[in-house]
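A.B. asks: 3D model of this:
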Amino acid sequence: MSVGFTSAKPIIKNSLQLEGKDANYGVADVMKYGLSAAKPKLGPCHPLELSERSYAARREMIDFNILRNTQGLHAPLRLQMERKAAAKVGHLPFLPSTRPSLDVLLGRDEEIGFEDVLNTYEYREVAGQPHAVVEKQLGIL
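C.D. replies: This is a model prediction of the structure:
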């Protein structure tokens, strides 16, 4: 009996293939071909890696299906409209786009993730002059 949900078992599409630009031991020769030659050969290191990558999208799909079956079609549509409106909130181009309202709707405001520690605004690489950035966006420059 299928209710339209996808399997929780990961489908491994990438596999480690040892062919092409290899050195003596079946590993890409980084000194000759660079780091980019090894990247296409890398497969998932663990079966849970694929599951973790697609967890949020799958969980959202399951939640929307449950909402649609219990409350009707309006519930997932309303949540998607709220998320889309929160994602489109504008700001000045020189300010960081953190979108706290979208984080609250998605429940990410209570989590500490990789981007919270290593992607802080004060250490970002691109910093422009506010007036020049706005003038460029408006087409004055």
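A.B. asks: can we go C-alpha only for contacts and neighbour counts from here?
C.D. replies: Noted.
A.B. asks: remind me what the helix or strand where residue 84 lies packs against, helices and strands.
C.D. replies: Per DSSP states H and E, residue 84 falls inside helix 74-87. Counting contacts by 3 or more C-alpha pairs under 8 Å, 6 or more residues apart in numbering; DSSP states H and E, helix 74-87 is packed against helix 55-71, helix 100-106.
A.B. asks: residue contacts, residue 31?
C.D. replies: Residue 31 sits next to no residue when contact means C-alpha atoms under 8 Å, 6 or more residues apart in numbering.
A.B. asks: past the least confident helix or strand in the chain by mean pLDDT, which element shows up next along the chain?
C.D. replies: Sorted by mean pLDDT, DSSP states H and E, the helices and strands of the chain end with helix 30-33, the least confident at a mean of 70. Next helix or strand after helix 30-33 toward the C-terminus (DSSP H and E): helix 47-53.
A.B. asks: can you add mean neighbour count, distance to residue 133 and mean pLDDT and give the helices and strands packed on helix 74-87 back as JSON lines?
C.D. replies: Formatted as JSON lines, the helices and strands packed on helix 74-87 follow (neighbours: other C-alpha atoms under 10 Å; distance: least, C-alpha to C-alpha, whole Å; pLDDT from 0 to 100):
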{"stretch": "helix 55-71", "mean neighbour count": "14", "distance to residue 133": "34", "mean pLDDT": "94"}
{"stretch": "helix 100-106", "mean neighbour count": "15", "distance to residue 133": "23", "mean pLDDT": "90"}
